[in-house]
Every structure is written in C-alpha cells, then in structure tokens.
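S.K.: need the 3D shape of this:
(one chain, ligands or ions: 1)
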Amino acid sequence: MINKQHIEALRKIVGHTNVLDAIEQMTAYSYDGTNTWSHLPDVVVFPLSTSQVSRVLKYANDNRIPVTPRGGGTNVSGGSIPIKGGIVLCLTKMDKIIEINKTNLNATVEPGVVLQDFQKALGKEGLFFPPDPQSFAGCTMGGVIAENSGGPSCLKYGVAKQYVLGLEVVLADGTVMKLGGLTPKNRTGYELAMLFTGSEGTLGVITKMGLRLMPALKPTGPSWPSLTMRRWRGDGNLYYCQQCFTL
Ligand SMILES: Cc1cc2nc3c(=O)[nH]c(=O)nc-3n(C[C@H](O)[C@H](O)[C@H](O)COP(=O)(O)OP(=O)(O)OC[C@H]3O[C@@H](n4cnc5c(N)ncnc54)[C@H](O)[C@@H]3O)c2cc1C
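M.R.: Residues are numbered from 1 along each chain as shown. Got it, this is the predicted structure:
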C-alpha cells in the first residue's frame, strides 16, 4: 500500500531520521499494552510540530493511507495498534512543557510529554495533575487525554476530562482546530474539546493541551492514621492526602 515515493514524501515533511521503515525498527510500534494483538505498520513517523502533523495527515488523506496516532503505547484497549498498516504517527518527540502557570493553576503541554516528567516539573512548583494512570513512567499526556485516563487518584479527584481546559487538534484532512482555552469559563458552542477527550485517536490528533492543575497536597508525617490515602508524587516522595482522611 505504501511505496518508496510515499516514504520519501514523508521524510521531506519530518526529516530523514524521523521516519522508520525497517521491520526491526517498526516491530516496537506494532503492539501496545494489551500484549495480545499486533500488526506491523508500513512506516513510523515522528512529527516535531503541529504543522508537520498537519502536513503528514493531509498527505495521508490525499493518498488514502491509514494513520494510527501513538504516544507511549501503554494503552490496554488496542488503540495504538495499526491494524490496517499504514502510518503510525508517534507523538513522543513533541515533548515540550510549554508553560506552567502557578497563579492561574494551568499548564500548556505538547502530547509527547511523559506523565512522570510532567508531575516532576509540577512538583517543583508545588502543583500536581490528579489523573495518574499507573503507567505514569511511560504514558504520554496525549495518550492520557485521548484515553480519558484515571488511576487511583480518580476515585477522589476525577479522570482526565475533569482537567482539560482546551485542546489543539489536527483533523484527518490536516485542518488545525483550537478548542476551548485556558480558562474554566470558555464555553461558547459545543464542548468539542470534551468530544476529543477519550476519543482514542479516532477523531484527530491532539497536538497541544491546556490543562487544569491543583495545588500539591501537603506532605505529612508517618504518624498519620492508616486510613489516610497514600499518594505518589512527582518528586518521588510519598504524600498523604488530608482531605481523603477528613471525608
Ligand atoms: C501497567 C499499566 C497500568 C495502567 N494503569 C492505568 C490506570 O491506572 N488508569 C488508566 O486509566 N489507564 C491505565 N493504563 C492504560 C494506559 O497506560 C493509559 O490509558 C495511558 O494514558 C495511555 O497513554 P499512552 O501515551 O501510552 O497512549 P497510547 O497507548 O500510545 O495511545 C492510547 C490511545 O490514544 C491515542 N493517542 C495517543 N496519543 C494521541 C494523540 N496525541 N492524539 C490523539 N490520539 C492519541 C492512540 O491512538 C490510542 O488509541 C495502564 C496501562 C498499563 C500498561
């Protein structure tokens, strides 16, 4: 389905080293956390910017090439397996934390930021991002939003959708859309950012996220009652959640 001209065209968009087409390189992108199914892509492409994502998607759309977005590949629903071959669009090189705004309790990040790295950066500012899938060391922020992930903290604090303020997404034809913003009151018209949250890569590719944050929980001594919920924090310390205890 994909020929040498297609691969050359993709290399022109993202650069030679950001395209993999050898079987031994692509095998790692043929499966995910389900560990049950696998399918080789024809090519793996690592975009570095929204504009490159847009150009890759437009090219794939024009040439009827299937595209499967991928972050850390830790999902357990088969979502990042390229069952129709084509392009695996791996977002891991778009990994910048663009802004952490302590005053307004929000952050803007690219999809390839690893959750653990994000938590560490937030920990230094006295902040945290509650969704904490236990794959935190390998999953990416794009995957967390695309899967509407939870984790132990979601029992009290809610899942990813409760922390999405706005998204930048690229549609299959390459159109870039900005949905929502960075403020909680930014809701004219349909809640399209919510539609993309949990859509598992079926509606488009998330290229930027505006996220709501919380102040970090205060660390407490080990004398706290055992009923208190233990929490993993980005700085590697164990914290205890006072609110959990008081509920
Ligand atoms: C050991 C382990 C523990 C886990 N624990 C939890 C848990 O506690 N709670 C929980 O909810 N989940 C958990 N998961 C599931 C999974 O890790 C999370 O859902 C995680 O957020 C997926 O992120 P990822 O970067 O690996 O995404 P991937 O697996 O790469 O992709 C997930 C889906 O999102 C799509 N996608 C990825 N990036 C983008 C993007 N930028 N734009 C559009 N679509 C995109 C993919 O096509 C795919 O459909 C766990 C998995 C493992 C292996």
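S.K.: quick one: the strands in this structure, in order.
M.R.: 19-20, 43-45, 67-70, 87-90, 97-101, 106-109, 127-128, 164-170, 176-180, 205-212, 214-215, 229-232, 238-241 (DSSP state E).
S.K.: domains of the chain?
M.R.: Here the domain parsing of the chain from automatic domain parsing is 4-90, 97-215.
S.K.: before we move on, back to that, can you tell me which of the strands of the chain is most buried?
M.R.: Compared across those, strand 87-90 shows the largest average neighbour count, a mean of 26 (mean count of other Cβ atoms under 10 Å). (Each C-beta comes from the backbone N, C-alpha and C, glycine too.)
S.K.: and that strand, C-alpha only, in PDB?
M.R.: Output of strand 87-90 as PDB, limited to C-alpha atoms (Å, rounded to 0.1, in the frame of the first residue of the first chain):
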ATOM      1  CA  ILE A  87       1.400   5.200   9.200                       C
ATOM      2  CA  VAL A  88       2.000   5.000  12.900                       C
ATOM      3  CA  LEU A  89       2.100   8.700  13.900                       C
ATOM      4  CA  CYS A  90       4.200   8.700  17.000                       C
END
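S.K.: check whether that strand contacts the ligand.
M.R.: No: against the ligand, strand 87-90 shows no contacts by Cβ under 6 Å from any ligand atom, the least distance being 8.1 Å.
S.K.: neighbouring strands for that strand, and are they parallel or not?
M.R.: Sheet pairing of strand 87-90 (DSSP bridges) gives strand 43-45 (parallel), strand 67-70 (parallel).
S.K.: so where is the chain shaky, pLDDT-wise?
M.R.: Low-confidence segments of the chain (pLDDT under 70): 187, 219-247.
S.K.: how about the helices of it, start to end?
M.R.: 4-14, 23-26, 50-62, 115-124, 141-146, 154-157, 192-196, 242-246 (DSSP state H).
S.K.: helices and strands around the second one, which ones?
M.R.: If you count contacts as 3 or more Cβ pairs under 8 Å, 6 or more residues apart in numbering; DSSP states H and E, helix 23-26 packs onto strand 43-45.
S.K.: re earlier: do you know which of the helices of the chain lies nearest the ligand?
M.R.: Checking the helices of the chain against the ligand by Cβ to the nearest ligand atom gives helix 141-146 as the closest, at 2.2 Å.
S.K.: just the C-alphas of the closest one, formatted as PDB.
M.R.: C-alpha atoms of helix 141-146 as PDB (Å, rounded to 0.1, in the frame of the first residue of the first chain):
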ATOM      1  CA  MET A 141       0.000  13.400  28.000                       C
ATOM      2  CA  GLY A 142      -1.600  12.900  24.600                       C
ATOM      3  CA  GLY A 143      -2.400   9.300  25.500                       C
ATOM      4  CA  VAL A 144      -3.800  10.300  28.900                       C
ATOM      5  CA  ILE A 145      -6.200  12.700  27.300                       C
ATOM      6  CA  ALA A 146      -7.000  10.500  24.300                       C
END
